[in-house]
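Trainee: Make a model of this:
(4 chains)
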2 protein chains.
Amino acid sequence: MKVLIIEDEKLLAQSLKALLEARGFQVETVYDGETGAQYAEMDIYDLLILDVMMPGLNGFEVAKQVRSKRCSVPILMLTARSDVEDRIAGLNAGADYYLTKPFDTRELIACINALLRRQGGQVDELRYGNTALDLERGMLLCGEKKIRLSAKEFDVMRFLLQTKENNLPKETILARVWGYDSNAVENHVEVYVAFLRKKLAAIGSNIRIEAIRKLGYHLEVADT
Amino acid sequence: MKVLIIEDEKLLAQSLKALLEARGFQVETVYDGETGAQYAEMDIYDLLILDVMMPGLNGFEVAKQVRSKRCSVPILMLTARSDVEDRIAGLNAGADYYLTKPFDTRELIACINALLRRQGGQVDELRYGNTALDLERGMLLCGEKKIRLSAKEFDVMRFLLQTKENNLPKETILARVWGYDSNAVENHVEVYVAFLRKKLAAIGSNIRIEAIRKLGYHLEVADT
DNA sequence: CCTTAGGCTGAAAAACCTCTGAAAGATTTG
DNA sequence: CAAATCTTTCAGAGGTTTTTCAGCCTAAGG
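Mentor: Numbering: from 1, shown residues only, chains lettered A, B, ... in the order given. Sure, this is the predicted structure:
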């Protein structure tokens, strides 16, 4: 789980980072809106934590910009301003939750869990068709049968299951599974899709991984 | 969009109902937790609005019960108790958002929009006549039938659908789809228009791509 | 009614993607 | 340290898509 914190108060940013890292998140922090928007648009994060009041681009603007790029990562907005108008503006700008500073640590964690749960983050199983991905054990389950996935297979399968029948470009899979700065090539994705198709077939799953040339992959339930 | 309101204060329930109906939602209200949980578990709602303090099953319990049935409808919790402990309990019980009474009407609407926006799995598409272009999967849809488009076919079709019955010179299509600096010729456009007409016919679309000599192409809905 | 240029079409060639198996290179496990 | 498993690399098969081209058709103007 990768989290991006966009917050100009470095002290708060650092303490948030520590807090989340202690719970097993991978955290990156940036200290201004422009950089934050850039990072966020790589679309490799599972959650954005966004301060409203920042020099340069403020939180509302960052949220709007990110959303305008069709990036649907959950956004949690933080702010000292408890004004109703602000909350409304934040939500309308594309935020998913609005939390007022100072906030209780446990409340923050509960919010994050709620947001990630909706993304399929806190559940222990992702289902589609007649098949489930056990997130604890990294296994594909279908009826009585099950099969173990390797780490990369698991990551790829997870992203596919999160986007279900929506298109997922190879680029994006590459960025999220191998890292945006890795020198992995698209054939890696193809190879892993092949691995997954083999394993899905082995347990009799009715999930198909469909390829659309030049666009990417998505899941479908076999018609038959 | 169907919304279920579970709220024992009938006055508040009714005013919420009116408020939402005015925005085009289909609203049902129930006045106690047991009934609410039953209704919710039918899994036919797009959103639950849930009061915490109710006789019998309270909001936390309803949320837990609904979630335990693997029902993932978004839950918005309302309460007069502004206690942090409550908010945490609510979120952990499975709520997606926690709003404290009294709340601003516009804030409520913003919350609802935020929740539905996320859930709506927004399959965006361009429609014209009896036909739609699925932008996510690059397919043409017409009733039950659908057909895949190749990348270039898709680009041309999208461009045509964006300008609808306005004239679109071949030159412009060339520039936009093949790039202004490519060495593609106008016959390319003609060929692709032919491809598209064939595919449109194959799915029984009533869209016609009309050519006007020296001027370009545009769409029309077939009269028949 | 004829001419002509623009538009249409089918076929074939060329280019391009995706898939796959095999093998080499890493990494983990026993 | 050896064995097993996982990841990367590579090259070619098999399709599909895109381009090319030549000839046909049709609308518009004389």
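
Trainee: Now do the same contact list for the closest residue to A:Met54 other than its chain neighbours.
Mentor: Ranked by CB to CB, 6 or more residues apart in numbering or on different chains and with sequence neighbours excluded, the top spatial neighbour of A:Met54 is A:Asp8, at 4.5 Å. Any C-beta I mention is one placed from the backbone N, CA and C, and that applies to glycine too. Going by CB atoms under 8 Å, 6 or more residues apart in numbering or on different chains, A:Asp8 touches A:31-32, A:51, A:53-55.

Trainee: Any idea which residue is closest to the centre of chain A?
Mentor: Central residue check for chain A by CA atoms, centre = their mean: the C-alpha nearest the mean position is that of A:Asp46, 2.6 Å away.

Trainee: For it, which non-adjacent residue is closest in space?
Mentor: Nearest residue to A:Asp46, sequence neighbours excluded (CB to CB, 6+ apart): A:Met1, at 5.0 Å.

Trainee: Ok, A:Leu168 next?
Mentor: Leaving aside its chain neighbours, A:Leu168 sits nearest to A:Gly216 (5.0 Å; criterion: CB to CB, 6+ apart).

Trainee: For the one you found, name its beta-bridge partners.
Mentor: Residues in a beta bridge with A:Gly216, per DSSP bridges, are A:Ile212.

Trainee: before we move on, the earlier item: part of a helix, is the residue nearest to A:Met54?
Mentor: No: counting by DSSP: H, G, I helix; E, B strand; the rest coil, A:Asp8 is not part of a helix but coil.

Trainee: Mind checking the pLDDT average for stretch A:99-111?
Mentor: Mean pLDDT, stretch A:99-111: 91.

Trainee: Ok, stretch A:68-75 next?
Mentor: Throughout stretch A:68-75, pLDDT has a mean value of 90.

Trainee: What about A:Ser15, how many residues nearby?
Mentor: Each residue near A:Ser15 was counted by other CB atoms under 10 Å in any protein chain shown, and the total is 12.

Trainee: Quick check: it is in a helix.
Mentor: Yes: per three-state DSSP, A:Ser15 lies within a helix segment.

Trainee: For it, give its distance to A:Phe103.
Mentor: Applying CB to CB, to the nearest Å, the value for A:Ser15 to A:Phe103 is 12 Å.

Trainee: on that earlier part again, separation between the residue nearest to A:Leu168 and DNA strand D?
Mentor: The spacing between A:Gly216 and DNA strand D, counted by CB to the nearest atom of the strand, to the nearest Å, is 14 Å.

Trainee: mind giving me the domain split of chain A?
Mentor: Here the domain parsing of chain A from automatic domain parsing is A:2-119, A:125-221.

Trainee: which one of these is the most hemmed in?
Mentor: domain A:2-119 (a mean of 19; mean count of other CB atoms under 10 Å in any protein chain shown).

Trainee: give the contact list for A:Arg23.
Mentor: Applying CB under 8 Å, 6+ apart to A:Arg23 gives the contacts A:Ile109.

Trainee: List the residues that contact the residue in chain A positioned nearest to DNA strand D.
Mentor: Residue nearest to DNA strand D within chain A (CB to the nearest atom of the strand): A:Ser150, separated by 2.9 Å. Listed by CB under 8 Å, 6+ apart, the contact set of A:Ser150 reads A:Phe195.

Trainee: what does the average pLDDT come to for stretch A:130-137?
Mentor: Computed over stretch A:130-137, the mean pLDDT rounds to 93.

Trainee: measure that stretch end to end?
Mentor: One end of stretch A:130-137 sits 18 Å from the other (CA to CA, to the nearest Å).
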